[in-house]
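J.: Please work out how this folds:
(4 chains)
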2 protein chains.
Amino acid sequence: MSLRIAIFDDNKNIRESITMLLKTVKEFEVVGSFSHVLDCVDDTRECHPDVILMDIEMPGMTGIEAVLKLKKEFPHIQVLMQTVFEDDERVFDSICAGASGYILKNHLNVKLVEAIREMQFGGSPMSPSIARKVLNKMQSVQQHIKPEQAPEYNLTPREKEVLACIVEGLSYKMIADKLFISYETVRSHVKKIYEKLHVASLTEVVAKAINQRIV
Amino acid sequence: MSLRIAIFDDNKNIRESITMLLKTVKEFEVVGSFSHVLDCVDDTRECHPDVILMDIEMPGMTGIEAVLKLKKEFPHIQVLMQTVFEDDERVFDSICAGASGYILKNHLNVKLVEAIREMQFGGSPMSPSIARKVLNKMQSVQQHIKPEQAPEYNLTPREKEVLACIVEGLSYKMIADKLFISYETVRSHVKKIYEKLHVASLTEVVAKAINQRIV
DNA sequence: ATATCATTCCGCCAATCCGGGCATTGTTCA
DNA sequence: TGAACAATGCCCGGATTGGCGGAATGATAT
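T.: The predicted model follows:
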């Protein structure tokens, strides 16, 4: 079975040379080639590609916005970003928009076919410098998220349930109804939670629970 | 100039076969080969490698902890993780620990030399499935960070102050003291906050404030 | 100059929460 | 076979919050 590929790039020469290149691979089929992304969703619906090659710099709408729209409409399609730029913003925005790969144009001829194959088999081809950027970003982002590693409060399952209800904003009475226990029992659990979290009011519980993701 | 490489892997056969493989490349030099990471910092200090190949599964200390220690001590050294596992936890933990690359062992022979070279030139070699995981993670993480653009509640400055106090867990009385206003005034502000946030209890206020970063 | 709104303040009553203590049942583990 | 603990339940009294309404000041805007 052949792999259907669509190309979005405002540079005609590039589109043609990519098409040439892809034609040398017999299981690849170029089913669309567009100079702008203004109608990308419609274009894509018509030629229903499996893979889209997307240039970042294009008139009217940027490739990043296009990816966002396309992935929303066709989540199964794999999008490979191609660009001459490698500034962090664009790279991360593309990734967040849903791109499955990101290669620099100077690697294009050499790596393109390989990259497409890799994507096809569940990979995410990235030019080396891009990959490095991504890893670095991951490291810094995680550091902001993780350090909140729960100091471990030894809450029992039931206590966690009650806690969850509290965070939702339920009153003791409502929690009692929801969990099919008495009001007093809820109170007992809450008292335990107070002890374990070293707090003394519902608001502190909620703040602590959310900030430390005990939720 | 040659590239100095150290290997950490509890499997002797693997260490030897990797060493063999690397010897076929003339600019590579294996300067250390260790079966455990208990003394990894000392070992590394002695053989001062440019690149470290690190197995994840090892007795005593996991490769992930080792990376953490090593990068703290020798931030310039590039660490390439090698593993048979590709469960998300380990992958992300390794990355956060400071690994510069992550390849699966079944790709080892074929890709190892290439991966080391890639790292040397500022890349971050990853096996395709790993790269995909990383991108997916980036996407989900960013989504949790970005979309929190406040739905805008038109809180006045004073109301925000009060809100901040509430989130800290202060009672009305404490807030009154802190802001040098009366208890009743605090209550008035809180009432307004309730209206504007469409909630009806302090716990909901705290939850909403934190989750939507109005704090 | 009139309206709007932020900020400050007051009172009342009902609802809810907090802190203390105590009791029962069942499970788990040493 | 006790000890420890989770889970359930109850009572009291005092503290705090929630919902209702009202009001004065000053700034800003129309």
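
J.: CA only for contacts and neighbour counts going forward, please
T.: Will do.

J.: So which bits of stretch A:75-86 are buried?
T.: By 16 or more other CA atoms under 10 Å in any protein chain shown, the buried positions in stretch A:75-86 come out as A:Ile77, A:Gln78, A:Val79, A:Leu80, A:Met81, A:Gln82, A:Thr83, A:Glu86.

J.: near DNA strand D, which residues of chain A?
T.: A:154, A:156-159, A:180-185, A:187-189 (CA under 7 Å from any atom of the strand).

J.: which helices and strands does the helix or strand bottoming out on mean pLDDT in chain A pack with?
T.: When each helix and strand of chain A is scored by mean pLDDT, DSSP states H and E, helix A:128-145 comes last, with a mean of 80. On a contact count with 3 or more CA pairs under 8 Å, 6 or more residues apart in numbering or on different chains; DSSP states H and E, helix A:128-145 meets helix A:88-97, helix B:88-97.

J.: In JSON lines: the buried residues of stretch A:75-86, plus pLDDT.
T.: Below are the buried residues of stretch A:75-86 laid out as JSON lines (pLDDT from 0 to 100):
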{"residue": "A:Ile77", "pLDDT": "93"}
{"residue": "A:Gln78", "pLDDT": "93"}
{"residue": "A:Val79", "pLDDT": "94"}
{"residue": "A:Leu80", "pLDDT": "93"}
{"residue": "A:Met81", "pLDDT": "91"}
{"residue": "A:Gln82", "pLDDT": "88"}
{"residue": "A:Thr83", "pLDDT": "84"}
{"residue": "A:Glu86", "pLDDT": "77"}
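
J.: picking up where we left off before, reformat the helices and strands packed on helix A:128-145 into TSV and put mean neighbour count, mean pLDDT and distance to DNA strand C next to each item.
T.: As requested, those are exported to TSV (neighbours: other CA atoms under 10 Å in any protein chain shown; pLDDT from 0 to 100; distance: least, CA to the nearest atom of the strand, whole Å):
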stretch	mean neighbour count	mean pLDDT	distance to DNA strand C
helix A:88-97	19	82	36
helix B:88-97	19	81	26
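
J.: possible to save these as CSV with distance to B:Gly63?
T.: Converted to CSV, those look like this (distance: least, CA to CA, whole Å):
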stretch, distance to B:Gly63
helix A:88-97, 28
helix B:88-97, 8
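
J.: Out of those, the one nearest A:Cys165 is which?
T.: Shortest distance between A:Cys165 and the helices and strands packed on helix A:128-145, using CA to CA, is found for helix B:88-97: 28.3 Å.

J.: Just the residues contacting the next helix or strand after the closest one, thanks.
T.: The helix or strand immediately downstream of helix B:88-97 is strand B:101-104, counting by DSSP states H and E. Outside strand B:101-104, the residues that touch it by CA atoms under 8 Å, 6 or more residues apart in numbering or on different chains are B:79-86, B:91, B:95, B:115, B:119, B:124-127, B:130.

J.: Show me the helices in chain A, by range?
T.: In chain A, the segments counted as helices under DSSP state H are A:12-23, A:40-47, A:63-73, A:88-97, A:108-120, A:128-145, A:157-168, A:172-179, A:183-197, A:202-211.

J.: Of all those, which one is nearest B:Lys23?
T.: Here helix A:128-145 is closest among the helices of chain A (CA to CA), at 24.1 Å.

J.: Tell me the buried residues in that closest one?
T.: Those would be A:128-139, A:141-142, for helix A:128-145 by 16+ other CA under 10 Å.

J.: now swap in stretch A:102-118 and tell me
T.: Under 16+ other CA under 10 Å, the buried positions of stretch A:102-118 are A:Tyr102, A:Ile103, A:Leu104, A:Lys105, A:Leu108, A:Lys111, A:Leu112, A:Val113, A:Ala115, A:Ile116, A:Glu118.

J.: Those residues: which two are farthest apart?
T.: Farthest pair in the buried residues of stretch A:102-118, by CA to CA: A:Lys105 and A:Glu118, 17.0 Å.

J.: does stretch A:186-200 come close to chain B?
T.: No: using CA under 8 Å from any CA of the partner chain, we find that stretch A:186-200 stays clear of chain B, coming within 8.6 Å at best.

J.: which residues are in contact with that stretch?
T.: Residues from elsewhere that reach stretch A:186-200 (CA under 8 Å, 6+ apart): A:153-155, A:158-159, A:162-163, A:172, A:175-176, A:201, A:205, A:208.

J.: now that stretch: mean pLDDT?
T.: In this model, stretch A:186-200 has an average pLDDT of 90.

J.: Stretch A:204-215 too?
T.: Rounded mean pLDDT across stretch A:204-215 is 81.

J.: how about that stretch: buried residues?
T.: For stretch A:204-215, by 16+ other CA under 10 Å, it's A:Glu204, A:Val205, A:Val206, A:Ala207, A:Lys208, A:Ala209, A:Ile210, A:Gln212, A:Ile214, A:Val215.

J.: could you check whether that stretch is close to chain B?
T.: Yes: Stretch A:204-215 reaches chain B (CA under 8 Å from any CA) through A:Glu204, A:Val206, A:Ala207, A:Ile210, A:Asn211.

J.: chain center to that stretch, what's the gap?
T.: Offset of stretch A:204-215 from its chain centre (CA atoms, centre = their mean, to the nearest Å): 25 Å.

J.: Stretch A:101-119 too?
T.: 21 Å.

J.: Now do A:Thr19 against B:Asp10, distance only.
T.: Counting by CA to CA, to the nearest Å, the gap from A:Thr19 to B:Asp10 is 48 Å.

J.: Cheers, nothing more for now.
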